[in-house]
Structures are given as C-alpha cells and as structure tokens.
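J.: fold the following and give me the result.
(one chain, ligands or ions: 1)
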Amino acid sequence: MSEATVYRGRFAPSPTGPLHAGSLVAALASWLDARAHGGCWLLRIEDVDRSRCKPGLDRMIIDQLARCGLYADEPPLWQAAREPLYAQALARLQAAGHAYPCGCTRKDIDTVLAARGERLPRHAERVYPGTCRSGLHGRVPRSWRLRTDVCAGAEPIRWQDRRLGLQQQDVPHAVGDFVLRHGDGSSTYQLAVVVDDAAQGITDIVRGEDLADNTPRQMLLQQALGLATPRYLHTPLVRAADGQKLSKQTGALPLDLADPLAALRRAGEVLELPPLSAASVPEWLCAAVQAWPWRAR
Ligand code: GLU
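T.: Numbers count the residues shown, from 1 in each chain. Predicted coordinates for the structure are as follows:
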C-alpha cells in the first residue's frame, strides 16, 4: 500500500447467529490492522441471503462489538438495502457477455456430474458443468452465472496473502461458473461483497482463513467489473476441541461477554499477540495495536 492511500478495512458479519469466539477473532484482527495502519474500520451487515438471517441479530452483533470496544468509523451498511447496486453490476456483466442465465436445478447438475463419473460427497460444492453456457435448452431461467472461462483467461488467479503467502486457483476448473444471482432474485455473497468492498473503498480485507478460497472468485469479479483488488490477510481459525473449525454451523456458542477483556485476550492468543498487561478493554486494545504482528506485512 502506498503511503498516499488511506487504509480502509471492514468487518462484514452475516447476521445468521451472534458473534462467537471465531468471529470475534476476525472482527478484532480487522480492527487492529486498521488501527495499526492509521486507517478506518467499517462495518457491513451481510444480509443478502434473507432466508439465513435472523431478525435482531444485526443489532446484537453491533452491541457485542461495542462491548469489546470495537466501534465503526462510519455508519454500518446493510446489504439488503443495496440490491439495486448489485443489479447494476450484474447488468454490466450481462452486457459484456460475462454472465448468462442458467436453468439447472441442483439435481440437473448432479445428473450431469454423475454421468461424467464425478462422485460428490454429500454437501460438497459442485463444479458447475457449464450446461447452460450454450443456452437454456428449453429450460426456464433460474439463476445468473459468471462465465469464468472467458473472464479468467489462461492463467490461474494468483495473489499474495499477507499471512498465507502466494496463493493460486484455477477458477474455471476448481469452482466453475459460479452463481451471481439466485432464482429468487437475490444476489449472491460473491457479487455483493465485491460490489460493496469497491463502493466502500476497502483497501485491505482481513477475515478468517475459511474464506480464503473465495478470494480468487472475488478477484475474478473485480477484474471483470474493472474494480481494484484490495490486499488480503486471512487470519487463523479458532478450532473446537475436535479440531473442527468453530462456526455457527458447527454450533459455536455465542460469546460470553460478561468479561469482554477475557474474550479479547483469548482472541488475541489466536492472533499470536503476546500477553498484554491491561486493566480495561480500551487499555488492552491500545496495547494490542502496538503489538499487532502484521503491521509491516
Ligand atoms: N459475511 C461473511 C461471513 O460472515 C464474511 C464476508 C467477508 O469477510 O468477506 O462469513
């Protein structure tokens, strides 16, 4: 990042559950990185997938963050109110021939993959076989997909993650033509996150390592839409006792914020911060900014 660029970071929770120990690590890391770079920290509520969001959880998350001393520098954004912006981005991709309508159901996709001898573990992500690239074959359009082969070119997408080092992915083969807009008219996380990171002028994305695999899809979309690519830092995950990633899906307990300082200390350990002597949340945050190991990287 050049000295002249003002650092803008963000935390972008989906209000599908309250903050848990893992999401506090991502929130804290993004806040510390922004502060250590003298930048701004923004909050975006990622509620495009209305079926998974629960009412009131947005406010609860904002409140939990506040109890940990993490306040955004600008008013939060709610993605549900921003569908027109995502529709405009999709219209640009459609006009460029980079997006196409797809009439496939999950079952249609599985049938094609099975016929090709590709066996899928249950819940595994399907690599879309490209059936509707050449037209809908009489099916009713359901979703819109990105034409990844045209957008990606011959080279894999490469990026230098600040923690994970050089990463690469061949998106057309590893993921296939991914969905931009669902059949119900709602935009996908991939499209919304790219549009909003650009609209909010985000220079640095700091988030959990479980999302690293989404980065090449997002970079491809940034390129297709002519948007800048931010820097990425993917943080360590909090593991449950059995080694599984802690997440809302695996039933992570909400944070116990009776003692926010203790919760911050635990999150700090995951982020490899040294033990910090502090008697209050503001004191601990101040010391953590000074000790932040990713300052110069
Ligand atoms: N909304 C996503 C989540 O809660 C995070 C998106 C991001 O940081 O890019 O998992």
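
J.: residue contacts, the closest residue to Pro236 other than its chain neighbours?
T.: Closest residue to Pro236 apart from its sequence neighbours, by CB to CB, 6 or more residues apart in numbering: Val270 at 5.5 Å. In this view, the C-beta of every residue, glycine as well, is placed from N, C-alpha and C. Shown in contact with Val270 (CB atoms under 8 Å, 6 or more residues apart in numbering): 25, 235-236, 238.

J.: can you list the residues of the stretch 1-150 of the chain near the ligand?
T.: The stretch 1-150 of the chain comes close to the ligand at residues 12-14, 46, as judged by CB under 6 Å from any ligand atom.

J.: and Asp161, how far is that from Tyr232?
T.: 5 Å (CB to CB, to the nearest Å).

J.: the two: who's more crowded?
T.: Between Asp161 and Tyr232, Tyr232 has the larger neighbour count (other CB atoms under 10 Å), namely 21 against 15.

J.: the helix or strand where the more buried one lies pairs with which strands, parallel or anti?
T.: For Tyr232, the host element (DSSP states H and E) is strand 231-235. The strands beside strand 231-235 in its sheet (DSSP bridges) come out as strand 204-208 (parallel).

J.: pLDDT wise, what is the closest residue to the ligand within the stretch 51-200 of the chain at?
T.: In the stretch 51-200 of the chain, the residue found nearest to the ligand is Val193; the distance is 4.9 Å by CB to the nearest ligand atom. At Val193, the model reports a pLDDT of 98.

J.: now the worst-scoring helix or strand of the chain on mean pLDDT, how far from the centre of its chain.
T.: Evaluated with mean pLDDT, DSSP states H and E, the helix-and-strand set of the chain has its lowest mean pLDDT in helix 106-115, which scores a mean of 87. Remark: helix 106-115 is offset 28 Å from the chain centroid, using CA atoms, centre = their mean, to the nearest Å.

J.: quick one: low-confidence parts of the chain?
T.: Residues of the chain that meet the criterion pLDDT under 70 lie in 1-4, 120-124, 241-253, 296-297.

J.: now the strands for it?
T.: 8-11, 40-45, 77-78, 99-102, 143-146, 157-161, 165-169, 179-181, 204-208, 231-235 (DSSP state E).

J.: deepest of the ones you listed, which one?
T.: strand 8-11 (a mean of 25; mean count of other CB atoms under 10 Å).

J.: okay, now the sheet partners of it, with direction.
T.: Sheet pairing of strand 8-11 (DSSP bridges) gives strand 40-45 (parallel).

J.: now do the strand it pairs with: everything it contacts.
T.: The contact list for strand 40-45, computed with CB under 8 Å, 6+ apart, reads 6-15, 30-31, 34-35, 58, 61-62, 65, 70, 72-74, 76-79, 196, 200, 202.

J.: quick revisit: most neighbours among the residues of the stretch 1-150 of the chain next to the ligand, which one?
T.: Ranked by the number of neighbours (other CB under 10 Å), those place Ala12 first, at 25 neighbours.
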